[in-house]
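> Provided below are the primary sequence and the corresponding predicted coordinates.
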There are 4 protein chains.
Amino acid sequence: MKFEVAANIAYEAKSSSTLILNVQPYKFDGQLVIKEDFHVDPDLKMQELLSDTGEKRFQVVEVAEAGNISIHYKATVENEIKAIPAEHLVDVPIQKMPVAALSYLNPSRYCQSDRLYKFASNKFGNKESAFHKVIAICDWINDNVEYSGGHTNAQTSAYDTITEQVGVCRDFAHLGVALCRALTIPARYLTCYAYQLQPPDFHACFEAYLGGYWIIFDATKLAPINGLIKIATGPDAADTAFAGTFGNLDFRSLDVSSRFLGDEFQGVDYSTSTQGYAYV
Amino acid sequence: MKFEVAANIAYEAKSSSTLILNVQPYKFDGQLVIKEDFHVDPDLKMQELLSDTGEKRFQVVEVAEAGNISIHYKATVENEIKAIPAEHLVDVPIQKMPVAALSYLNPSRYCQSDRLYKFASNKFGNKESAFHKVIAICDWINDNVEYSGGHTNAQTSAYDTITEQVGVCRDFAHLGVALCRALTIPARYLTCYAYQLQPPDFHACFEAYLGGYWIIFDATKLAPINGLIKIATGPDAADTAFAGTFGNLDFRSLDVSSRFLGDEFQGVDYSTSTQGYAYV
Amino acid sequence: MKFEVAANIAYEAKSSSTLILNVQPYKFDGQLVIKEDFHVDPDLKMQELLSDTGEKRFQVVEVAEAGNISIHYKATVENEIKAIPAEHLVDVPIQKMPVAALSYLNPSRYCQSDRLYKFASNKFGNKESAFHKVIAICDWINDNVEYSGGHTNAQTSAYDTITEQVGVCRDFAHLGVALCRALTIPARYLTCYAYQLQPPDFHACFEAYLGGYWIIFDATKLAPINGLIKIATGPDAADTAFAGTFGNLDFRSLDVSSRFLGDEFQGVDYSTSTQGYAYV
Amino acid sequence: MKFEVAANIAYEAKSSSTLILNVQPYKFDGQLVIKEDFHVDPDLKMQELLSDTGEKRFQVVEVAEAGNISIHYKATVENEIKAIPAEHLVDVPIQKMPVAALSYLNPSRYCQSDRLYKFASNKFGNKESAFHKVIAICDWINDNVEYSGGHTNAQTSAYDTITEQVGVCRDFAHLGVALCRALTIPARYLTCYAYQLQPPDFHACFEAYLGGYWIIFDATKLAPINGLIKIATGPDAADTAFAGTFGNLDFRSLDVSSRFLGDEFQGVDYSTSTQGYAYV
């Protein structure tokens, strides 16, 4: 389905600085960037890069001198997200996992799966399949963690959220990723534009490797799965922040939007015990 | 210089399991694997994989049934490590960094650079260059952290070591990496065979991106830099452990060795204020 | 009931040091120390102190010079532990709590109740009374935390155990205390001799303030409640360790025992939904 | 010297609640409360309590129903703080310490001295005396920790501040206390009214037990030592918060003041290598 996504971001530079922006949907089979426009006011030197794992692309913006900077990004993007029946989402034995999935079994900065083994196996270990474990993980997070801003910060990790049980989409996704990895299910953090997300903002979900597919999960259950336009995937928020600032830059404002370009949007359920969703 | 490196590892499998071994030096311009032999007793199905960033290769060993397993690896490897004069190790501005280096500015599981900004800038910020900052970081770690086993474990991170000030090579390297990243110097964890390391074992060091080179640093100062045979580099130990076990495997023993194949070994100093060392 | 408790402890002093031992049952209405013998070999200067809150007494032993030290303690102690019917264990409103109970609402070194509010209220908040909340806490700990040595250390706290879900009596008690305080139920850590504990050792439980009584709870359920001879109570293990060493002392051995001096010992159930147990 | 101290605090109760206020200077030899007035509007049931260690007193306020509450406290207090020459501040051997001092060697919620042994001894261990160690601790904190609000919260502890190196008076005091205890110097957290503190607020300092005196230290160096009116001492902020709320109370505002009642105020230096200050 086709969406017009946009992000307008403002900074004030106190001196020459560098800004690395990761707001452009990346290009892969499951998602087509039909057209996009990225410009910065004032006009600054920019360079687009593609991460070596190909899971994100970013713009390196050179801020030559102090002053206000506004970034304007707009794109028309078509995603293709399909439902995969549960019976196809079979457990993948380690020795059959591709290298790219194996690396997503490791703990990361905000997803300390190495400290969650017992919790994860006590709570979810008895489910019949990896897919049903992830469904149960999302339900548990949704039931036990309060979605509320202002309680967590850039250092909050899955190890905190599992106990403090309050946070935002970033925290929900980190906990989901960490619990999957603790159960030897490869999982990666996903940043995206989310149609119908209220209030509008960048969104975070995660993907688990099941039956050879990266199945999308949103433990917050705040936006339809098929309205997600993927920006980046990675180990966790440490690698996928929408902006990295180097130098003396003050964040001023962020405005994110997503508009459906079709006639009528049919939001799909979240992954359920009968089917999961994946970019195909 | 040429070395014969070997690793003999034993496990007892209680049931069918999978073992992922990361003990083979990887192949790149700075290091030539002349010959190698990897075999497992009993003879088990194995598959060699190369990580997608190409920074390590590993063997996935399928353990079909319970029993004792012994892994025997031996290789002849030639490394080429050169001294780079300090004047070539100039600071690299963000916008000039390759993608592969940028990703090594992010915090990781055991290297929480995002919590060390003030410490790092208070202690090392005033040094004249990035290179001199890393030299000062290694000296500070070596002066303040006691090298002693049994005090740290698999969950110990740079954030612990900076205060608890005791650990092994893994902890020294994690702290070095984290402090570099906190100063916007890309740094990656390095595992290796280390000639003349006493007692013999796998070793951990780190590399910092300076002047376009990945300069090798060993904050433990326990083995000559030019005797290091690189096995893997990655964000930290979470991605570069010599073995990952899945299933029911008990570790039994590890025996690591490195033998110089030339006439006479001339160990080089560690990186100093006048020069650094890199694989070239 | 009457018990003969004993502790034999050995240290090796490398130099003149000080040893503070907290192994003597303290004297209060619920417990009578009929006779006791405390001696140290070699004969060293000792001084008995009573903590200012009166919740423990200890011996300060001055070790004049290097050498082996063996401490021998033996006592005949009679405890009086009674069952209190649940209907008497009514919730105590804050404004009715004595000062001594109020202080046990605060978080402490190993019991970070301030980080467990949501977890505690999500999991136990809906129980009908404070007493039933504590019963549920003990059951949850017993069901979810594996009793196993070697996984935790002197720095392990309730915040770790709630997620890592493995530990020993100390960890079980810390978590029980922390969860109670998070629910505004005063709770204190209790060290004791425990009859029929296998293997014999010092034991840790906790007490919660309910209906005006300090009700005893043992989340490990490893020893009969009425066989406990109380040594000390305090905020947590930081204040109640059996020994504190100052100087250069190496721990050598510990042997603890408890012998019933009556005809036949009738172990009582743990606190249940119908009754709790307290020293009276 | 004589001061008029005042605190005006406002809450909004959403339902019947209980408020425990700890804002009244406590009474001891070093401080005389000449007169005081504590009233709450509306008029609510109150009860004054003295902690069992006598180190603080507090008011338990019963909030019967929802509504706005304003607390008004004003007192005339005379403190007596004397300079003690360094030569009298001799190290006190463990076996000579009173019970009340021994308990202040233990780690507490926000002062994890058990994790700072190596740091403390590496950095301060070589100083000639306990007194000079504490002086060096205060200087190090003042030099390395940035005084700045908004970076730390109610969960921030000494273990964080030692590395993150930013915080407010609470964090400075916690770190000072933790480092002293790590060096076997009894130390306790102190809350107070501070004359000439800008902006006016409650203040936190600490006391270390030296030469038989509790010597006052303020690592922030923001207010004259002899202008401090002590409210409470305890293990750390967990036991000495100015208010504890139970029920549904929202904090609205706080206004603290201290006025000198003499002719001319002579602020004294902070404790220096030549002398320390103590209430006498």
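Structure's in. What do you need? Just so it is clear, the structure is predicted and the values come from calculations on it, not from any experiment.
> and chain A, what are its domains?
Under automatic domain parsing, the residue ranges defining each domain of chain A are A:2-79+A:244-260, A:81-240+A:265-279.
> can you tell if the last one touches chain C?
Yes - under the criterion of C-beta under 8 Å from any C-beta of the partner chain, domain A:81-240+A:265-279 makes contact with chain C via A:115-116, A:118-119, A:122, A:144, A:146, A:159, A:162-166. Backbone N, C-alpha and C define where each C-beta goes, glycine included.
> quick one: mean pLDDT for that domain?
Domain A:81-240+A:265-279 carries an average pLDDT of 96.
> can you identify each of the helices in the stretch 101-250 of chain A by residue range?
With helices called from DSSP state H, counting those that start in this stretch, the stretch 101-250 of chain A shows them at A:117-124, A:130-144, A:158-164, A:169-182, A:237-240.
> next, the buried residues of the first one.
When neighbours are counted by 16 or more other C-beta atoms under 10 Å in any protein chain shown, the buried residues of helix A:117-124 are found to be A:117-120, A:123-124.
> just the closest of the residues you listed to chain C, please.
residue A:118 (4.0 Å; C-beta to the nearest C-beta).
> so what's that closest one up against?
The neighbourhood of residue A:118, defined by C-beta atoms under 8 Å, 6 or more residues apart in numbering or on different chains, consists of C:146, C:164-166.
> how close does it get to chain B?
13 Å (C-beta to the nearest C-beta, to the nearest Å).
> report the buried members of the residues of domain A:81-240+A:265-279 next to chain C.
A:115-116, A:118-119, A:144, A:159, A:162-166.
> which of those sit farthest apart?
Maximum pairwise distance among those (C-beta to C-beta): 22.7 Å, between A:118 and A:166.
> number of nearby residues for residue A:247?
Using other C-beta atoms under 10 Å in any protein chain shown, the number of residues around residue A:247 comes to 15.
> isn't it right up against residue A:63?
Yes - Residue A:247 lies in contact with residue A:63 (C-beta atoms under 8 Å); the separation is 6.9 Å.
> quickly list what's touching both of those two.
By C-beta under 8 Å, 6+ apart, the residues touching both residue A:247 and residue A:63 are A:13, A:16-18.
> give me the PyMOL select line for the residues you listed, limited to the buried ones.
Selection of buried members from those for PyMOL, criterion 16+ other C-beta under 10 Å:
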select buried, chain A and resi 13+17+18
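> okay if I get the shared contacts of residue A:247 and residue A:63 as JSON lines plus pLDDT, distance to chain B and secondary structure?
Formatted as JSON lines, those follow (pLDDT from 0 to 100; distance: C-beta to the nearest C-beta, whole Å; DSSP: H, G, I helix; E, B strand; the rest coil):
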{"residue": "A:13", "pLDDT": "97", "distance to chain B": "14", "secondary structure": "strand"}
{"residue": "A:16", "pLDDT": "95", "distance to chain B": "10", "secondary structure": "coil"}
{"residue": "A:17", "pLDDT": "95", "distance to chain B": "9", "secondary structure": "strand"}
{"residue": "A:18", "pLDDT": "96", "distance to chain B": "4", "secondary structure": "strand"}
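> in stretch A:181-196, which residues are buried?
Neighbour counts using 16+ other C-beta under 10 Å place A:181-195 of stretch A:181-196 among the buried residues.
> these in strands, which ones?
Taking DSSP state E, the ones among the buried residues of stretch A:181-196 that sit in strands are A:187-194.
> need the max-distance pair from the residues you listed.
Longest distance between any two of those is 20.9 Å, between A:187 and A:193; criterion C-beta to C-beta.
> looks like residue A:52 contacts residue B:53 (just checking).
Yes - using C-beta under 8 Å, residue A:52 is in contact with residue B:53, at 5.7 Å.
> which residues are in contact with both of those two?
Common neighbours of residue A:52 and residue B:53 (criterion: C-beta under 8 Å, 6+ apart): residue B:100.
> closest point of the stretch 151-280 of chain A to chain D, which residue?
The nearest approach of the stretch 151-280 of chain A to chain D comes at residue A:153, 8.7 Å away (C-beta to the nearest C-beta).
> from chain B, how far off is that residue?
In terms of C-beta to the nearest C-beta, residue A:153 sits 10 Å off from chain B.
> how many residues are close by that residue?
Using other C-beta under 10 Å, residue A:153 has 11 neighbouring residues.
> now swap in the one 3 residues further on and tell me
The number of residues packed near residue A:156 is 19, by other C-beta under 10 Å.
> then residue A:210?
Applying other C-beta under 10 Å, I find that residue A:210 has 29 neighbouring residues.
> check contacts around the nearest residue to it once chain neighbours are set aside.
Setting aside the residues directly before and after it, residue A:210 is nearest to residue A:89 in space (C-beta to C-beta, 6 or more residues apart in numbering or on different chains), at 4.3 Å. Shown in contact with residue A:89 (C-beta under 8 Å, 6+ apart): A:129-131, A:210-211, A:213, A:215, A:276.
> and with 7 Å instead?
Residue A:89 sits next to A:131, A:210-211, A:213, A:215, A:276 when contact means C-beta atoms under 7 Å, 6 or more residues apart in numbering or on different chains.
> filter these down to the ones in strands?
If you go by DSSP E, those have A:210, A:213, A:215, A:276 in strands.
> pairing partners for the third one in the sheet, please.
In this structure, residue A:215 bridges to residue A:208, residue A:278 when assessed by DSSP bridges.
> residues contacting the nearest residue to residue A:51 once chain neighbours are set aside?
Leaving out its chain neighbours, the residue that sits closest to residue A:51 by C-beta to C-beta, 6+ apart is residue B:99, at 5.8 Å. Shown in contact with residue B:99 (C-beta under 7 Å, 6+ apart): A:49, A:51-52.
> mark which of these are buried, thanks.
Here, 16+ other C-beta under 10 Å leaves A:49, A:51 buried among the contacts of residue B:99.
> the spatially closest residue to residue A:253 that is not a sequence neighbour: neighbouring residues, count only.
In space, and not counting its chain neighbours, residue A:253 is closest to residue A:10: 4.5 Å by C-beta to C-beta, 6+ apart. Using other C-beta under 10 Å, residue A:10 has 16 neighbouring residues.
> hang on, residue A:10 is in a strand, isn't it?
Yes - residue assignment for residue A:10, taken from DSSP: H, G, I helix; E, B strand; the rest coil, places it within a strand.
> near chain B, which residues of chain A?
A:18, A:47, A:49, A:51-53, A:60, A:62, A:94-95, A:99-100, A:103, A:106-109, A:112, A:114-115, A:154-155, A:184, A:238-239, A:246 (C-beta under 7 Å from any C-beta of the partner chain).
> what's the ChimeraX syntax to select whichever of these are buried?
Selecting the buried subset of the residues of chain A next to chain B in ChimeraX, with 16+ other C-beta under 10 Å as the burial test, is done by:
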select /A:18,49,51,53,60,62,94,95,100,103,106,107,108,109,112,114,115,184,238,239,246
